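>>> fold the following.
(chains A and B)
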Amino acid sequence: MIKIENLSRNWKEFQIDQVNLQIKTGEYFVILGPSGSGKTLLLELIAGMWPTDSGEIYVDNKNITDTPLEKRGVGFVYQNYMLFPHKTVFENISFGLNMKKVDKKEVKIRVNEMMKLLNIDHLAHRLPRTLSGGEQQRTALARALIINPKVLLMDEPLSALDRKTRNDLIRQMKELHQKFDITMVHVTHNFDEALALADRIAIMKDGRISQVGNSTEIFRHPADKFVADFVGVENIFEGFAKKDGERLTIIDTGKVFIYSTEPKKGPVHMTVRPEDIILSSKKVETSARNVFKGKITEIIDNGALIKLTVDIGEPIMVFLTRQSFIEMELNIGKDVWTYFKATAVHTF
Amino acid sequence: MRSKLELSFISIAFIFTCILFIIIGSIFLIPSFEGFLNALFSDEIQFALRLTLSTSIIAASCVMLVAIPTAYSLARYDFPLKSVVKSIIDIPMAFPEIVLGIAILMMFGNQFLWNVLQNLGIDIVFTTAGVIVAQFFVAFPYSVRILYSTFNYVNPRYEFVSRSLGYGEFETLKNITLPLARGGIFASLVVTIARCIGTFGAVLLVGGGTYLKTETLSIAIYYNLSLGNIDNAITAAIILVVISFIAIFVLEKYTYKDMEGV
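Below is the predicted model:
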């Protein structure tokens, strides 16, 4: 387990501020945040590349805050690979084993096995500059994994790759995670990457952790507007909340009143996911608390999914399947009814 | 079609390169071939050549041994008075070499230091050791300058990765940083040797320029010219020009190609 307590460091231009995290053994943990949020620096602090100003880092209950980088048992993979340009693929991968004084024959066997596992065995004698991005990243992964680190830290490992290579590597990284059974900490700004790989996600902004949870928690219950915006949550509105009866909260956005079951008071943000909203051409009886008549203002055709914006006083986004869209004969300017339950409204 | 600006700039570069080439080339035309050979194999020029090469190699080696850690610490570490240290190292590049020479002479002429060195059996002033000391201090700032840029050019993340793979600081320096910086280190070495070979004022003041004792090639040019011995002076100059050409050729051929991909 990795435990980070009140970790801070000030670089003058930027600071990591009071970071607290707990990453379970064997977990695939993703730190998600926009560029410049301090993800890479946090990862480098965990690896020991910079001294900390305050706070503690524990791996398996051992305090490694002041342990030199080479003694932490932490592997590191960079976005731009950082393969040693003067060494071949084989020499890059065997580099860590040479320091451990592993027998030359065994080095050869282990490097060959690792290259086969990552489908780069045909590249053994090539220099990094002659490799594609995907091949370089596989080499970097092999180089880090071969020394059997307790923790593998990866800084945007898929960001410089094309879509197909990225998808291939995502699949491969899942397999590697299971096979090596190690704790992986992966930093990215791409929410899809996090969804595909993460057991849990931490959202980072301005050197601080905004929220930690699994992907559903973060997507359904973003801790604040930044998290909601960043993970691509639609239908975020600002309003003033007050109690309405025993179990309900009513939020006044200034234009509409929306019911939620979450107890809140005062100024709030609220969100309702487009897939939780039902759309009909005529008014129907429903148990949903939130019922609004509106006009379609925008239709975006996303292939199988159609995204509609309906003006109910606030512009609200609704998803429809292509089939439903055709059957309902919808077009811009048409009047429709929208329904969503109070339990579907998340406030923060 | 080239623009007017492009044509004018290329013309300026071309014309002044030609003038420079004619200036350098002219020294090859002055002595007769026989006079050149006689001068080349004369005791004085042979001695000056041997002394210049041997002292330069020793001084350049010492410079590299000190300049590599100095430049590395300036490039990688934060420490108190770092900017002051950097400025002081750069100063000798800005003032005349002869000023550096007189400063070294004053330091080693200081009664206290003189006595200490005498007790240790070390003679610096007006000796071959003095020549080496002068060459060292003249070349040192140039060497540090080049190495500092070189180490800055090597991404420290290579070092981080190496250390995450179990290599300590020294092993990382040996296995990753120095091999990646080898182009710049080589450039620094060539420039250092060239500076050591070519230095005049500081070597004259500290070494004394004694005939057949501390007379380097540069000093030989000056002495022989002042005595009207043109053949010897020009021959010494030709040797220096040839050495410089070799240095520049080696620098261009091996250095920068080596830094690709770092």
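
>>> where does B:Gly209 land in three-state SS?
coil (DSSP: H, G, I helix; E, B strand; the rest coil).

>>> now it. Its backbone dihedrals?
phi 60, psi 40 (degrees, to the nearest 10).

>>> following the host helix or strand of A:Asp301, which helix or strand comes up?
Under the criterion DSSP states H and E, the helix or strand holding A:Asp301 is strand A:290-302. Next along the chain after strand A:290-302, taking DSSP H and E as the criterion, comes strand A:305-311.

>>> now the next helix or strand after that following strand: buried residues?
Where DSSP H and E defines the elements, the next helix or strand beyond strand A:305-311 is strand A:315-321. Of the residues in strand A:315-321, A:316-320 count as buried by neighbour count, 16 or more other C-beta atoms under 10 Å in any protein chain shown. All C-beta atoms are positioned from the backbone trio N, CA, C, and that covers glycine.

>>> what's the closest of the residues you listed to A:Asn214?
Closest approach between those and A:Asn214, by C-beta to C-beta: A:Phe319, at 22.3 Å.

>>> and the gap between A:Met270 and A:Ile250?
11 Å (C-beta to C-beta, to the nearest Å).

>>> same thing with B:Leu227?
108 Å.

>>> okay, these two: which has more neighbours?
More crowded of B:Leu227 and A:Ile250, by other C-beta atoms under 10 Å in any protein chain shown: A:Ile250, with 17 against 10.

>>> what is the more buried one paired to in the beta sheet?
Note on A:Ile250: beta-bridge partners A:Lys242, A:Tyr259, judged by DSSP bridges.

>>> phi, psi of whatever residue of the stretch 51-200 of chain B ends up closest to chain A?
Among the residues of the stretch 51-200 of chain B, B:Leu165 lies closest to chain A, at 3.6 Å counting by C-beta to the nearest C-beta. For B:Leu165, the backbone dihedrals (degrees, to the nearest 10) come out as phi -90, psi 10.

>>> pLDDT wise, what is the spatially most central residue of chain A at?
Closest to where the C-alpha atoms of chain A average out (C-alpha atoms, centre = their mean) is A:Ala194, at 3.3 Å. Among the per-residue scores, A:Ala194 holds a pLDDT of 89.

>>> now A:Phe191
83.

>>> residues in contact with the residue nearest to it when sequence neighbours are not counted?
Residue nearest to A:Phe191 in three dimensions, not counting chain neighbours: A:Val231, with 5.2 Å by C-beta to C-beta, 6 or more residues apart in numbering or on different chains. By C-beta atoms under 8 Å, 6 or more residues apart in numbering or on different chains, the contact list for A:Val231 reads A:32, A:191, A:203, A:218-219, A:222.

>>> touching, the residue nearest to the centre of chain A and A:Ser215? I think so.
Yes: using C-beta atoms under 8 Å, A:Ala194 is in contact with A:Ser215, at 6.6 Å.

>>> need the overlap of contacts for the two.
With C-beta under 8 Å, 6+ apart, A:Ala194 and A:Ser215 have common neighbours A:Ile201.

>>> what sits against A:Gln18?
Contacts of A:Gln18 by C-beta under 8 Å, 6+ apart are A:6-8, A:55, A:208.

>>> so which of the residues you listed sit within strands?
Secondary structure defined by DSSP state E assigns A:6-8, A:55, A:208 of these to strands.

>>> assign a three-state SS to the residue nearest to the centre of chain A, would you?
helix.
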